[in-house]
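*Asks:* Pasting a predicted model and its sequence here:
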Amino acid sequence: MDEFGKLALRERQALRIARRQRFWLHFVVWAALSAFLVIIWALTSHGGFPWFIIPICAWGVIVAAHAAYAYLLKDPEEILMEREKQIEEEKQA
Amino acid sequence: MTRIFNRGELKQVLLAIVASLGEGHGYAIMQELQLRVGHDWRPSPGAIYPALLALEESGLIESAEKDGLRTYRPTEQGRKALGGEAAAPAWQTLAKRAGASKPRLTLGRLLERFEEQLPARRQLVSDEQAAAIELTLDEAGEHINAILEQGEEDG
């Protein structure tokens, strides 16, 4: 991999880090608002129907999808770059 | 890099550039792409390098290491794939998209930029200097108004 390739690899890695950071920001907002909803329920419902479960779960599905996008899914470009990096490492070994 | 390519377009464009250069390394290809699209649009190695890898995997271009740089050249199959006018990339369309994706400036932003770039903006001034500067700014303001009015008439 030449200098241009290394620059591309660094750029792709930065994009991946940014994608993961955005997921954690999303997660923190979800967790904070979930806690807020539970507190509101505890203060107002006096043990009644736990309605907070509905918004927490609905949004939770979106958070889970975001986690999959940030950590599991890969663009075709990312797959190509990883394969290239692997070939490079095998050459050096 | 602002996205101006539809699916598969970047590869087609890169193949056309590699074919026109005959042989070129990543930086040269990126520079050529930037020149052809214009509008201060900036391509990124993170998009171009994987597209070159994909072209190489599909056998449309081939690469060789030369002086620490990887140079690319089209294969016979690549030339054939590019052959014909229909396969040629629409540079004008790409330039148009790049122009449309460029954020438009406001007068306020231009004035802020001017202030940010003025090295002496925190310097104290005497009354005479203040009067002279205000006069200059008034003149500049009149010029700016004239330019804006002319723009409204034109379009």
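*Replies:* Looks like it came in fine. Residues are numbered from 1 along each chain as shown, chains lettered A, B, ... in the order given.
*Asks:* Quick one: the helices in chain A, in order.
*Replies:* For chain A, the helices defined by DSSP state H occupy A:3-44, A:53-71, A:76-92.
*Asks:* Dump these to TSV, plus mean neighbour count and mean pLDDT.
*Replies:* Where you see a C-beta, it was placed from the backbone N, CA and C, and this is true even at glycine. Shown next, in TSV, are the helices of chain A (neighbours: other CB atoms under 10 Å in any protein chain shown; pLDDT from 0 to 100):
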stretch	mean neighbour count	mean pLDDT
helix A:3-44	14	94
helix A:53-71	13	96
helix A:76-92	14	84
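*Asks:* Save those helices as JSON lines, and put in distance to chain B too.
*Replies:* Listed next are the helices of chain A as JSON lines, based on distance: least, CB to the nearest CB, whole Å:
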{"stretch": "helix A:3-44", "distance to chain B": "3"}
{"stretch": "helix A:53-71", "distance to chain B": "17"}
{"stretch": "helix A:76-92", "distance to chain B": "4"}
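*Asks:* Format these as a markdown table; extra columns: distance to residue B:127.
*Replies:* Listed next are these as a markdown table, based on distance: least, CB to CB, whole Å:
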| stretch | distance to residue B:127 |
| --- | --- |
| helix A:3-44 | 52 |
| helix A:53-71 | 60 |
| helix A:76-92 | 62 |
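*Asks:* Quick one: closest of the ones you listed to residue B:137.
*Replies:* Of all the helices of chain A, it is helix A:3-44 that lies closest to residue B:137, at 41.6 Å by CB to CB.
*Asks:* Show me what secondary structure element comes after the worst-scoring helix or strand of chain B on mean pLDDT.
*Replies:* Lowest by mean pLDDT, DSSP states H and E among the helices and strands of chain B is helix B:91-101, with a mean of 72. Once the chain leaves helix B:91-101, the next helix or strand it forms, by DSSP states H and E, is helix B:107-117.
*Asks:* distance between that following helix and the chain's centre?
*Replies:* Offset of helix B:107-117 from its chain centre (CA atoms, centre = their mean, to the nearest Å): 22 Å.
*Asks:* For residue B:17, grab the count of nearby residues.
*Replies:* Look at residue B:17: counted by other CB atoms under 10 Å in any protein chain shown, it has 22 neighbours.
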